[in-house]
Structures are given as structure tokens and as C-alpha cells.
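Undergrad: return a 3D structure for these sequence lines:
(2 chains)
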There are 2 protein chains.
Amino acid sequence: MKLTVYTRSLRLHAQARGKLQVKPLVPLKTQEDLSLAYTPGVAEPCRKIAQNPGKIYTYTRKWNTVAVVTDGSAVLGLGDIGAAAALPVMEGKAILFKEFGGVDAIPVCINTRDVSEIVRTVVLISPGFGGINLEDISSPRCFQIEELLKEQLSLPIFHDDQHGTAVVVLAGLLNALCLVGKKLSEVKIVVCGAGAAGIAIVRFLHRSGARKMILCDRQGIVYQGRPENMNPAKESVCEFLMNQRGTLAEALQKADVFIGVSAPGLVTSEMIKSMNKEAIVFAMSNPVPEIMPDEAKKAGAAVIGTGRSDLPNQINNLLAFPGIFRGALDARAPEITEKMKKAASQAIAGCVPRRKLSSDFIVPSPLDKKVAQAVARAVYQAAKE
Amino acid sequence: MKLTVYTRSLRLHAQARGKLQVKPLVPLKTQEDLSLAYTPGVAEPCRKIAQNPGKIYTYTRKWNTVAVVTDGSAVLGLGDIGAAAALPVMEGKAILFKEFGGVDAIPVCINTRDVSEIVRTVVLISPGFGGINLEDISSPRCFQIEELLKEQLSLPIFHDDQHGTAVVVLAGLLNALCLVGKKLSEVKIVVCGAGAAGIAIVRFLHRSGARKMILCDRQGIVYQGRPENMNPAKESVCEFLMNQRGTLAEALQKADVFIGVSAPGLVTSEMIKSMNKEAIVFAMSNPVPEIMPDEAKKAGAAVIGTGRSDLPNQINNLLAFPGIFRGALDARAPEITEKMKKAASQAIAGCVPRRKLSSDFIVPSPLDKKVAQAVARAVYQAAKE
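TA: Alright, predicted model coming up:
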């Protein structure tokens, strides 16, 4: 009997006893080695940094080090499992940063749910880090935390569940729209799921030119002044959403694009059939999509993407975050701007050669290491401009 | 012209651009690799830890990871240079942890001087760490911070400037006393310097059996109710110090042991001459000792140690902290006890074979990697008992 992926993963974790280690980059064999790497020699780089704070990027690893910060409040599909139980995910994220982006990433699991305590903690430990990647923090707290950190730190701050997802969605959408011959500014887009990812997707697509968007959550279409289940983040996006009320099914009528970051099975064949011709369906709920690709295809969808590695068109954040941070760190960018994110989307989309573009190949493979390099170059240039 | 150690160190730091990196411990080449190390497989170790918090030691690197925590308030001989400028020292410490103890250590530079904020920050980020090494935090704040952390966390908490120094001093002293044929309980010991190291040394020597001790600071002998330059830490040790007032010179009359963790040149030939025969002098002010060994020798000292690597008998913390944490982590000790520290001192002393013991060889070389192994074994056993 073949073991499930969960059993195999548990076994791997127990064998490895953790997924990352720290390695020295300088020799420590001789007395001379010690006197340069540590006392008395190390006093000199300390003095230089004390005199000129920017030198910390020259004499330490800050330039390449990112904190992978969570409070464990929204981990994978598991929900609020706490800071400690989130550590396996943060370790996994950290090694993906290294493997794909060459970034030294360190898990920082913060054991509180208090927004201002989380922010303060990150600010206080920030001297050692060149960037902050926020991870698996529940919505709408994640928006506040990100906002406050951006105000207080001149470092790249990036909530991957928001922006990584949005960047990869735009990348896939650019290629999918190219395939079906539609324009971003003209298509009707329905985003299902109004958590971190959904909010970030509508914001990012709006800034990238999308003009006809509907956002749905469990209660149906999100609209200004809706009496229940609203929060400041949802309210804030209403201003550029279509002025409509109703159910997800009603939202999808004559839509061109469905983007799901919600829950398994929410979308039916009938809903897909009610969409415009040449419909694009990104059903990214993990591990079970909002609608299975074969069903969506039968119902007439032209291009289908999911979050799954065993299906074509995997819309995966791994295509974005290693290259984005690589580029931002190399440019020593004080923040990650909309322009840098857009450049990342275009770079990812550009990794699929025009002649190979097809309904089963709109985004590159997350295993393709050239993607992070291309993204890093694009982000670096956007940061420098 | 030969470059100074400072210039060579600066050059090394600029070339390496930091002294440590993060490396993955599991493969990330195939889709299967990703699905085990990251989604979806990683959900399973997360679930297990959520169900049983102790499993974090099985499925993550917590068991081997130590935070090297500073606020940059008392860095080397440089003083209060701030959290950021302290990073080169913390990186150096971290790689010594790995090289000598196999411990994955991560620099955490906390940008505040507020004791309760430092404590709170460490508590909040503690889920990812199996131990906390405090470093270069000014006295007497360091005592409060350590005390509060010990109250709030069931992890090994170790302020190396205090306990590492005390452990190595006791190790050297045990061998030196053996050489000159005196007993710890009978000798008169003068400790000069009442900061983190000095306070910890008198406390540790007292608990190890020393009964005639005097502590001096810049103002002379520390005594109960002294009107100036006192703090709770100094007050607290007075109860077991000798009841004497006066200057360092007066303290040293008929003393058997001088232990200096103070400032260059504080001790004169005359003071050494006033000590008892077969005097032991540990002049550990760095990089310039309280008295140079040749001068102390001429004045009649029998055994002399310093903090310097270019002189015999280097009393260096590197002999202690990697092995202490290795042993404590392997035993999954909830704290580092007096017993564990004493075991460490004895193990270090035991690394000098009796037949080789001489006035120029009372402690092993800090480069000798067998020391950390011996210390780890001894600490592990003491923790398990």
C-alpha cells in the first residue's frame, strides 16, 4: 500500500528533525580565524557600523536575510493552530527561499495574537533582517500588521499570502487572456474569497487595469455598507468593485474570469456554463479546488488553473516570492512597490514562451529555477527605476 | 607592513558579507520533495504539533536552535553601540556555536533598552528556539532580563558573559589550585570588576565552595550598604562576601587569587607582591589585561591566566558555551542549573591531563574541539541526574 503524502511527510520530518541548519561562511580552524571572525578583530566591523549604520549591509548577512514571520493564526488550510505548530511551514518556506532565491530565511514564530505586539516584536528584531516575509496571518489582522510595519520600517515587507498570490494570479491571467484574446480592462472578473489573498488579488488587479470586478465571500457578493461580515479591508475595496448584490452564482453570470481562493466545491457546472465564452477559471482552493478542472472543462471553460501540483497550470506562490525578495534585496529596496510586483507578474508570464503558450501551459513550473532568476532581474530593475 | 587584526577582520567581513548562511536539510528538487517539505504534506507535522506541543522537538529544528540575543548595550570592550552594530559579534558567536557545539544559532538583535520589552520579545519569539543565549547586555539589566526569562520560559537561558565566564574561571581555578596545593574553600579570592562577569563569578565560586571572597569595582571594595555605585546585584552578593572595606590594593593584601574582569593596568607589581605566596592571577581584561603576565610573574605570581590568545592559559568562554548548550539541548533540559555549570567546569579542567598540568597549561586550548564534546557529555549527565 502506498503511503499518503501526509505519512511520507511526517516520516521525512522525523528523520530530518527539522529542515534547515545554520552554516558558517568563514573558516574557524586557527587562532587567526577566531581573531578575525570573533574577538578581537570583530570589534572593527562593529565600530564601522556604529559610525555608519548603512555599513551593516557590507559587514553582516543582513543584506541576504529575511524573517519568515507568523503568528500561526491562519496556517495552510489548518486555520489557527498557533505559532509553535506553524514552525514546520515556516521552515519549509525558509528553505524554499534559499533553494529558489538564494535568500537566507529564518522562521520567526510569534506567540501572540495581539496586532500591536506582533508589529512591535518585528520592529524590535528588525536590525538583523534585510526583509520581512509575513506568512499565514489571519485576515483582516494581516492587513493592519503589514500596514503598520511598512510605516515603521524601511525594509521590504511582503505578506506572501496576499501579494505572492496576487502576483502569480496576474501572471497566469495575462497569459490566459492572451490565449483567449480578451483584455484585462474589459473582462468581468469574479474573485471568490475575501481573506488575505482575495483582497490582495482585487487590489492588485485593479491597480493593474482590471475595471469590472466582483468580490464574493461566504455571504455572497461583497458591497459597500453590507450589514454583515464586513471589515475595513472589504469596505476599502468596494469603491472600485462593480455595484452589484447577490450570490456567487449571480456574480458569475456573463463573467469572463473566475478566481477562487475560497473553499472546495463552491462552484458548479451550471455556474461555469453561465459564464461568457472562453471563460478562464482559476480554482485555487487547496488541496481541493472550487471546481475540479475536468468538470469545469466539460462545462465549457477554456483555460483552467488550480493550486495543485498534480494538475496543469499550478498557480503557486513559489513562482513569485523567492525572485521578488532576491530582486528587492539585491536592489536594497526600502519597500516592495506595486511596480516591482507588476514586474514580477510580467516576468513570470514571460517565462512561458509565446509559441508554447496553450490552455495547459499558462504558467511555468514551480520547479523551474530560471523563473526566480527572471523575476529577480525584473524586480531589481523596477526597484532601481 | 603587516595589517592589524582589525584591518584584516574588516577585510574578511567585507569579502564574506556576513558570516553565516541558512542551508536546507532536505531535498527540494522534485515535485515529491516539495509536497513533503512544503504543501500539502507539511500539514501533517503541523497537526501533530498542534495536538501534542512536545512534538515540535521531533518535527522541527527547535531541538538544535539557539537564539543569540543582544540589545547591543555592552558589546565587547566597545560599550553601548546599539543592536545593529552588535550584529557582527552575534554572527561570530553563532558560527562558534555551530563549529564547536554543532548548535544552530541565530542572531537576534533587539532594538530597545527597555528590560520588559526585551523580555517580552524573547518570550514571544521563543517557539522557534530550543535555548536562549544572552549576549553583551549591560549590567545590572542583564540580571533582571535573565531572571524574568527564566521565570517565563522552560528553556535553557544562559547569559554567556556571566555564566560562561564563571564556568571557565572555575575550571582554570580548579587546576591552578591543584598546581599550588591550595583549597578553594580556604583561599582568599579577590574579584575585580562588578559587572555581569564579576557578579556571576563570585556567585558561582561561592556556590562551588569558595568562602573568602572580596569583590571590587572602580570605587574599591563592594560592601553592604555602601553609599555609592551600588545596585541590587551588588547588594545581593554582599551577604557572602568578606566583611571588609577599602581599596583594591588593600583587598589584595594576603590574597591567594586575583580574578580580573575589569580594565587594563589596574593591578601593579606592588599589589601582586602583597599577595600570599603561590598567588594565582587571572587578569582577563580584554585585550589588555589588568597586569601583563611577565610583570605579574616577576612580582611573584605562580600561575597566570589572561583572556588573550597570544599568551598561555587563555581563560576563554569558547571553552564553555558550545558544550554547555550541546549538552543542555541533547538532554532537552528546561534550564541550565548550577549542577550543569559545575559539571562543565570540571569537564573543562579535566581536559588538561594531570601529568601535563603546569603553570603554563591550566586550561585547554579554545581550538581543541574535544573540549566541547567533554563538556556536552558532562552537562548532559548532570541534566539527566
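Undergrad: helix or strand for residue A:215, which one?
TA: When secondary structure is defined using DSSP states H and E, the element that contains residue A:215 is strand A:212-217.
Undergrad: immediately after that strand, which helix or strand?
TA: Scanning the chain past strand A:212-217 towards its C-terminal end, the next helix or strand to appear is strand A:220-221 (assignment: DSSP H and E).
Undergrad: give the closest residue to the closest residue to chain B within the stretch 51-200 of chain A in space, chain neighbours not counted.
TA: With CB to the nearest CB, the shortest gap between the stretch 51-200 of chain A and chain B falls at residue A:61, namely 2.6 Å. All C-beta atoms are positioned from the backbone trio N, CA, C, and that covers glycine. Residue nearest to residue A:61 in three dimensions, not counting chain neighbours: residue B:18, with 2.6 Å by CB to CB, 6 or more residues apart in numbering or on different chains.
Undergrad: state the distance from the one you found to residue B:94.
TA: Spatial separation of residue B:18 from residue B:94 under the definition CB to CB, to the nearest Å is 11 Å.
Undergrad: what does residue A:291 give?
TA: 49 Å.
Undergrad: repeat that for residue A:28.
TA: Separation of residue A:28 from residue B:94 (CB to CB) stands at 11 Å.
Undergrad: looking at the two, which is more packed in?
TA: Set side by side, residue A:28 and residue B:94 show more neighbours around residue B:94, with 26 against 19, by other CB atoms under 10 Å in any protein chain shown.
Undergrad: so residue A:341: helix, strand or coil?
TA: Here residue A:341 is recorded as helix under DSSP: H, G, I helix; E, B strand; the rest coil.
Undergrad: just give me the neighbour total for the nearest residue to it once chain neighbours are set aside.
TA: Counting by CB to CB, 6+ apart, the nearest residue to residue A:341 once its immediate chain neighbours are dropped is residue A:167, at 5.2 Å. Counted by other CB under 10 Å, the residues lying close to residue A:167 total 33.
Undergrad: dump the one helix or strand residue A:66 maps to to PDB, restricted to CA.
TA: Secondary structure here is read from DSSP H and E; on that basis residue A:66 sits in strand A:65-70. Listed next in PDB are the C-alpha coordinates belonging to strand A:65-70 (Å, rounded to 0.1, in the frame of the first residue of the first chain):
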ATOM      1  CA  THR A  65      18.500  37.600   5.400                       C
ATOM      2  CA  VAL A  66      14.700  37.600   5.600                       C
ATOM      3  CA  ALA A  67      12.500  36.800   8.600                       C
ATOM      4  CA  VAL A  68       9.600  34.500   7.800                       C
ATOM      5  CA  VAL A  69       7.100  35.800  10.400                       C
ATOM      6  CA  THR A  70       3.900  34.200  11.500                       C
END
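Undergrad: got the angle between whichever helix or strand comes after that strand and strand A:65-70?
TA: Once strand A:65-70 ends, the next helix or strand along the chain (criterion: DSSP H and E) is helix A:87-101. For helix A:87-101 against strand A:65-70, the angle by axes from the mean of the first three to the mean of the last three CA atoms, to 10 degrees is 150 degrees.
Undergrad: how much space separates the closest residue in space to residue A:28 that isn't next to it in sequence from residue A:26?
TA: Residue nearest to residue A:28 in three dimensions, not counting chain neighbours: residue B:99, with 4.4 Å by CB to CB, 6+ apart. Summarising the geometry, the distance separating residue B:99 from residue A:26, computed by CB to CB, is 10 Å.
Undergrad: kindly report the same for residue A:125.
TA: 24 Å.
Undergrad: equivalent analysis for residue A:304, please.
TA: Here the criterion is CB to CB. By it, residue A:304 lies 50 Å from residue A:26.
Undergrad: who has more neighbours, these two?
TA: A side-by-side neighbour count of residue A:304 and residue A:26, using other CB under 10 Å, places residue A:304 first with 27 against 19.
Undergrad: verify the stated contact: that one with residue A:359.
TA: Yes: at 7.5 Å, residue A:304 counts as touching residue A:359 under the criterion of CB atoms under 8 Å.
Undergrad: ok, residues contacting stretch A:349-364?
TA: Taking CB atoms under 8 Å, 6 or more residues apart in numbering or on different chains as the criterion, the residues outside stretch A:349-364 that touch it are A:168, A:170-172, A:174-176, A:178-179, A:302-305, A:312-316, A:319, A:348, A:368, A:370-371, A:374.
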